[in-house]
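Chemist: Generate a structure from the sequence data that follows.
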Amino acid sequence: MNKILLTGIISILFLVGSSSIIFAQEHSSPETIDHEEMEYNLEVIVGIAHWATGIGTVVLAVALIRTFKHMAAVTKMTSLETEYRLRPWIGPTGTITKMEKSISDDCQFDIAIKNYGELPATSVIAKFVKSDKPLTRESFQSGDVNSFDLGPVMPTMEKHYWFFIDSEAWKKADDGSESLYTGLYFEYEHSGKKSGYGMLSEYSSSAKNFIHKDMWIDK
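Modeler: Residues are numbered from 1 along each chain as shown. Reported below is the predicted structural model:
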């Protein structure tokens, strides 16, 4: 773009120089320059000047168009960057962890979330669902979902969410006699719209850990 603009400027400068030559030629003494030769030279110079003017105009117009397109692209990229940067982003900081002691008779599990964005999330709703059959994203629309309001989460802040699995189901999953699938979803609002982070996991009795099968972000 800069090269094209520079070419246009050079063309304009050439036109100005040509005009000066014409002016000088028109005021030269007829005693030193042959009249016919002077007319021929003037015609050539005027022709070149006209061509240079046309080319310079076209080049300058193209340079201006490309400049405006570049400015529009930069403006769009800036707005996208601002939209993605200046907003809350909620996501987990690690894996699902079984706690050694539970506050109930059921087995207690913990997962930490963090706001990776630069604006606070005013209210984060944690949703949990479990099953002995594979879960899908639509599973969060069922009536078996447990919900809990974690409240506001400020930028860089971490919060912990606890969920519970009955001891009998956990024992079967841990010894591999029965499958265990879990789903976690953290929902929050941004600019009046729902956003969220979801993850579907399966417990592996051999790895003694939850294996994530699906993770996604709803914007």
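Chemist: can we go C-alpha only for contacts and neighbour counts from here?
Modeler: OK.
Chemist: where's the nearest residue to residue 115 once chain neighbours are set aside relative to residue 48, distance?
Modeler: Spatial nearest neighbour of residue 115, chain neighbours left out: residue 90 (4.6 Å); criterion: C-alpha to C-alpha, 6 or more residues apart in numbering. According to C-alpha to C-alpha, to the nearest Å, residue 90 stands 66 Å off from residue 48.
Chemist: What residue spans form the domains of this protein?
Modeler: Listed by automatic domain parsing, the domain ranges of the chain are 2-85, 90-218.
Chemist: Just put those in CSV and tack on mean neighbour count and mean pLDDT.
Modeler: Below are the domains of the chain laid out as CSV (neighbours: other C-alpha atoms under 10 Å; pLDDT from 0 to 100):
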stretch, mean neighbour count, mean pLDDT
domain 2-85, 14, 60
domain 90-218, 16, 95
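Chemist: so where do the helices sit in the protein?
Modeler: Secondary structure of the chain (DSSP state H): helices located at 2-26, 35-85, 167-174.
Chemist: Give the closest residue to residue 96 in space, chain neighbours not counted.
Modeler: Spatial nearest neighbour of residue 96, excluding adjacent residues (C-alpha to C-alpha, 6+ apart): residue 111 at 5.0 Å.
Chemist: Oops, could you answer that again for residue 181 instead?
Modeler: On the basis of C-alpha to C-alpha, 6+ apart, the spatially nearest residue to residue 181 that is not a chain neighbour turns out to be residue 202, at 4.5 Å.
Chemist: and the gap between the residue lying closest to residue 212 once chain neighbours are set aside and residue 99?
Modeler: In space, and not counting its chain neighbours, residue 212 is closest to residue 201: 4.2 Å by C-alpha to C-alpha, 6+ apart. As defined by C-alpha to C-alpha, residue 201 lies at a distance of 18 Å from residue 99.
Chemist: Residue 206 now?
Modeler: To residue 99, residue 206 is 19 Å away according to C-alpha to C-alpha.
Chemist: cool, residue 107 as well?
Modeler: According to C-alpha to C-alpha, residue 107 stands 8 Å off from residue 99.
Chemist: again with residue 185
Modeler: Residue 185 is 20 Å from residue 99, where distance means C-alpha to C-alpha.
Chemist: repeat for residue 211
Modeler: Counting by C-alpha to C-alpha, the gap from residue 211 to residue 99 is 17 Å.
Chemist: likewise residue 123?
Modeler: 25 Å.
Chemist: Then residue 105?
Modeler: According to C-alpha to C-alpha, residue 105 and residue 99 sit 13 Å apart.
Chemist: so who does residue 201 touch?
Modeler: Residue 201 sits next to 181-183, 210-214 when contact means C-alpha atoms under 8 Å, 6 or more residues apart in numbering.
Chemist: unless I'm mixing things up, residue 88 is touching residue 115, no?
Modeler: Yes. With contact defined as C-alpha atoms under 8 Å, residue 88 reaches residue 115; the gap is 6.2 Å.
Chemist: Could you pull out the residues contacting both of these two?
Modeler: Overlap between the contact sets of residue 88 and residue 115, as judged by C-alpha under 8 Å, 6+ apart, is given by 121, 155.
Chemist: Would you confirm that residue 96 contacts residue 210?
Modeler: Yes. Contact status for residue 96 versus residue 210: in contact at 6.7 Å, counting by C-alpha under 8 Å.
Chemist: Overlap in contacts, these two.
Modeler: Contacts common to residue 96 and residue 210, judged by C-alpha under 8 Å, 6+ apart, are absent.
Chemist: Nothing else from me, thank you.
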